[in-house]
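K.L.:
Everything below, folded, please.
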Amino acid sequence: MIALQACSSGPTAFMAPTANAPEGASRVDMLVVTTRKPSDDPNVLFTGERGFDYLINEVAVSLPPASARTPGQVQWPKTSTPDPATEFAVLSVQRRTLDEIDLWIEKQAGADGRLMIFVHGFNTRFGVAVFRYAQIIKDSGAPVAPVLFTWPSRGGIYAYNYDRESTNFSRDALEAGLLRAAHNDSVKEITVLAHSMGAWLAMEALRQSAIREGRVPAKVTNVILASPDLDIDVFVRQFQMLGPERPKFTIFVSNDDRALRLSRLIAGNVGRLGAINPSQEPYLSLLENSGITVIDMSKLRTGDRLNHSKFAESPDVVKLIGQRLIEGQPLTDSRAGIGDHVSALAIGATKFVGSAAGVIISTPIAVVDPATRENLNSQIEGMTGAVGAPSAATQR
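P.N.:
Below is the predicted model of the structure:
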C-alpha cells in the first residue's frame with residue numbers, strides 16, 4: 001500500500017512573526033478564514049481540531065528573493081524560526097472582524113475586483129496551507145485578493161475519515177464566506193480553487209448556495225478543481241444541483257496520482273474524479289456536454305513523488321491560471337480555452353510524426369476542450385504541412 005504522506009510537506013510550527021524581509025524578497029498578504037480550533041502556541045496558531053465558529057486573520061508572508069527560490073516550490077523553514085533570506089516566513093498575523101474583512105477586500109481587490117478563494121486538501125496543517133497558497137499566488141502572478149479557507153485537518157495520514165467529516169463540518173462556513181464576498185460591492189469576480197479533498201468541500205458549499213439562493217452567486221465565475229478527491233457519481237449530482245447558471249469549471253487530473261489511488265481503496269474501490277482518463281468514455285462525452293474543461297497532466301513530471309500537487313508545483317501550469325486572470329478572461333470561453341495557452345507550452349516539447357494519415361503528437365499536457373482541439377489541430381497542420389485530417393492522437 002502506498003504510504004500517503006500529505007498534500008504538502010515540511011515543518012508545521014513556524015507561524016510566529018519573524019524579522020523584516022530582506023531586500024529582494026516578495027510579500028503576499030492574504031485573508032485566512034478558518035474553522036479550526038485556535039492554539040495557544042503562536043508558532044502553530046490553529047490546530048487540526050474543530051472550532052465552533054469561523055475566525056479570520058490577515059497574514060503577511062515573505063518569500064525569499066528570486067535567487068534563493070525555485071518557482072513551483074515552497075522553501076520550507078528548517079526550524080521554527082525561519083530565515084527570510086532563504087525560506088518562507090510570516091511577517092505579521094492580525095485578527096480581523098467581519099466588518100474589517102470588507103475593508104480589506106475593498107483595498108486588496110483593487111479596481112478589477114477579483115478575489116480567489118483557495119481550499120486546501122487532506123492532511124494539511126494550518127501553516128502548510130498558508131505557505132502553499134502564498135507560493136501559488138506568487139508563482140501564478142494572479143492579480144487577485146487572495147483568501148485562504150482552511151478547515152480542520154489533523155495533518156496525519158491516519159486521519160482520513162476525520163478530515164473527511166471536517167469538510168462536512170465546514171461547508172456552512174465556506175458557503176457563508178462565499179455569499180458575504182459576493183455581496184461586497186468591491187468584488188466583481190470570484191474564482192474558487194480547491195485541491196484534493198477540498199474539492200468536496202467547495203462543491204458542497206456551492207451546491208448549498210445554489211439551493212438556498214436559487215443559483216450560485218453570479219460573481220463566482222470560475223471553479224478550478226485540482227486533483228479532486230471526489231466520487232465521480234457524487235460530483236455529477238453536485239454539478240447538476242448547481243443549476244443552468246453555473247460557473248465555468250476547469251479540472252486538473254492525472255491518472256498517475258498515487259494519493260488518489262489510495263483514496264480509491266479507502267472509498268471501496270470507487271473512482272476519484274481527479275484520476276480519470278478524460279479521453280475515454282464515458283468521461284469524454286460527459287465532460288464535453290457539461291462544458292467542463294479538463295487539463296490532463298498525466299505525462300507532466302514535477303518534484304511531487306505522489307503526483308498529487310502538479311497544478312502548484314509546475315511553474316508553467318500555475319502561471320496559466322494567473323495569465324488568464326490577468327487578461328480578465330474566464331478559464332474557458334466561447335472563443336478559446338485555457339488549452340490554447342497550454343498547447344503553446346506543449347508544442348515546445350511535442351514530437352511530430354508527419355504522414356499522409358495525419359499527425360501524431362505527444363504532449364506533456366492534454367486538454368479536453370472543443371475550442372482548444374480545433375485550434376490546436378490548426379496549429380499542428382500549419383507547422384507540419386500535414387495532408388488530411390489529424391490522427392486520433394490529436395483528438396485527445
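K.L.:
Could I have the CA atoms of stretch 21-41 written out in PDB?
P.N.:
What follows is stretch 21-41, C-alpha atoms only, in PDB (Å, rounded to 0.1, in the frame of the first residue of the first chain):
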ATOM      1  CA  ALA A  21      12.000  40.600   5.000                       C
ATOM      2  CA  PRO A  22      15.400  41.100   3.200                       C
ATOM      3  CA  GLU A  23      15.900  43.200   0.100                       C
ATOM      4  CA  GLY A  24      14.500  41.500  -2.900                       C
ATOM      5  CA  ALA A  25      12.000  39.400  -1.000                       C
ATOM      6  CA  SER A  26       8.400  39.100  -2.100                       C
ATOM      7  CA  ARG A  27       5.400  39.700   0.100                       C
ATOM      8  CA  VAL A  28       1.900  38.100  -0.100                       C
ATOM      9  CA  ASP A  29      -0.900  39.400   2.000                       C
ATOM     10  CA  MET A  30      -3.800  37.100   2.400                       C
ATOM     11  CA  LEU A  31      -7.000  36.800   4.400                       C
ATOM     12  CA  VAL A  32      -7.300  33.500   6.200                       C
ATOM     13  CA  VAL A  33     -10.700  32.200   7.200                       C
ATOM     14  CA  THR A  34     -10.700  29.000   9.300                       C
ATOM     15  CA  THR A  35     -13.000  26.600  11.200                       C
ATOM     16  CA  ARG A  36     -10.000  25.300  13.100                       C
ATOM     17  CA  LYS A  37      -9.600  25.500  16.900                       C
ATOM     18  CA  PRO A  38      -7.100  28.200  18.000                       C
ATOM     19  CA  SER A  39      -3.800  27.100  19.600                       C
ATOM     20  CA  ASP A  40      -2.000  28.800  22.500                       C
ATOM     21  CA  ASP A  41       1.200  28.300  20.600                       C
END
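K.L.:
Which positions in the longest strand anywhere in the chain come out as buried?
P.N.:
Using DSSP state E, we find that the single longest strand of the chain is strand 46-63. Neighbour-count burial for strand 46-63, counted by 16 or more other CB atoms under 10 Å, picks out 46-48, 51, 54-63. All C-beta atoms are positioned from the backbone trio N, CA, C, and that covers glycine.
K.L.:
Following it in sequence, what is the next regular element?
P.N.:
Using DSSP states H and E, the helix or strand that follows strand 46-63 in sequence is strand 89-96.
K.L.:
Neighbouring strands of the strand or helix carrying Thr221 in the sheet, and parallel or not?
P.N.:
Using DSSP H and E, Thr221 sits in strand 220-226. Neighbouring strands of strand 220-226 in its sheet, by DSSP bridges, are strand 189-195 (parallel), strand 248-253 (parallel).
K.L.:
looking at those strands, which is closest to Asn161?
P.N.:
For those, distance to Asn161 was read as CB to CB. The smallest value, 18.9 Å, belongs to strand 189-195.
K.L.:
any idea of the mean pLDDT for whichever helix or strand comes after that closest one?
P.N.:
Note on strand 189-195: by DSSP H and E, the next helix or strand toward the C-terminus is helix 198-213. The average pLDDT for helix 198-213 rounds to 96.
K.L.:
just stretch 47-60 next, same as before
P.N.:
95.
K.L.:
Restricting the selection to alpha carbons, write that stretch to CSV.
P.N.:
Extracted in CSV, the C-alpha atoms of stretch 47-60 (Å, rounded to 0.1, in the frame of the first residue of the first chain):
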residue,chain,number,x,y,z
THR,A,47,-4.7,23.2,15.4
GLY,A,48,-6.3,20.5,13.4
GLU,A,49,-9.2,20.2,15.8
ARG,A,50,-12.6,21.8,15.1
GLY,A,51,-13.6,25.2,16.3
PHE,A,52,-17.3,26.1,16.6
ASP,A,53,-17.0,29.4,14.9
TYR,A,54,-15.1,30.6,12.0
LEU,A,55,-12.2,33.0,12.7
ILE,A,56,-10.4,35.4,10.4
ASN,A,57,-6.8,36.6,10.3
GLU,A,58,-4.8,38.8,7.9
VAL,A,59,-1.5,37.1,7.3
ALA,A,60,1.5,38.5,5.6
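K.L.:
Spatially nearest residue to Ile117, not counting backbone neighbours?
P.N.:
Spatial nearest neighbour of Ile117, excluding adjacent residues (CB to CB, 6 or more residues apart in numbering): Val147 at 4.7 Å.
K.L.:
and the one you found, how many neighbours does it have?
P.N.:
Residues lying near Val147 (other CB atoms under 10 Å) number 25.
K.L.:
quick one: contacts for it?
P.N.:
By CB atoms under 8 Å, 6 or more residues apart in numbering, Val147 lies in contact with 30-33, 115-118, 177, 181.
K.L.:
What of Gln108?
P.N.:
29, 31, 145-146.
K.L.:
Same check on Val187?
P.N.:
The contact partners of Val187, by CB under 8 Å, 6+ apart, come to 105, 109, 113-115, 181, 219.
K.L.:
Who does the spatially closest residue to Ala109 that is not a sequence neighbour form a beta bridge with?
P.N.:
Spatial nearest neighbour of Ala109, chain neighbours left out: Ala145 (4.3 Å); criterion: CB to CB, 6+ apart. For Ala145, the beta-bridge partners are Leu115 (DSSP bridges).
K.L.:
Correct me if wrong: Ala145 contacts Glu106.
P.N.:
No: applying CB atoms under 8 Å, one finds Ala145 not in contact with Glu106, separated by 9.1 Å.
K.L.:
who has more neighbours, the two?
P.N.:
For Ala145 versus Glu106, neighbours defined as other CB under 10 Å are more numerous around Ala145 (26 against 15).
K.L.:
Tell me the spacing between Leu148 and Leu273.
P.N.:
Relative to Leu273, Leu148 is positioned 23 Å away (CB to CB, to the nearest Å).
K.L.:
Kindly apply the preceding question to Thr79 instead.
P.N.:
Distance of Thr79 to Leu273, given as CB to CB: 38 Å.
K.L.:
again with Thr221
P.N.:
Counting by CB to CB, the separation of Thr221 from Leu273 is 21 Å.
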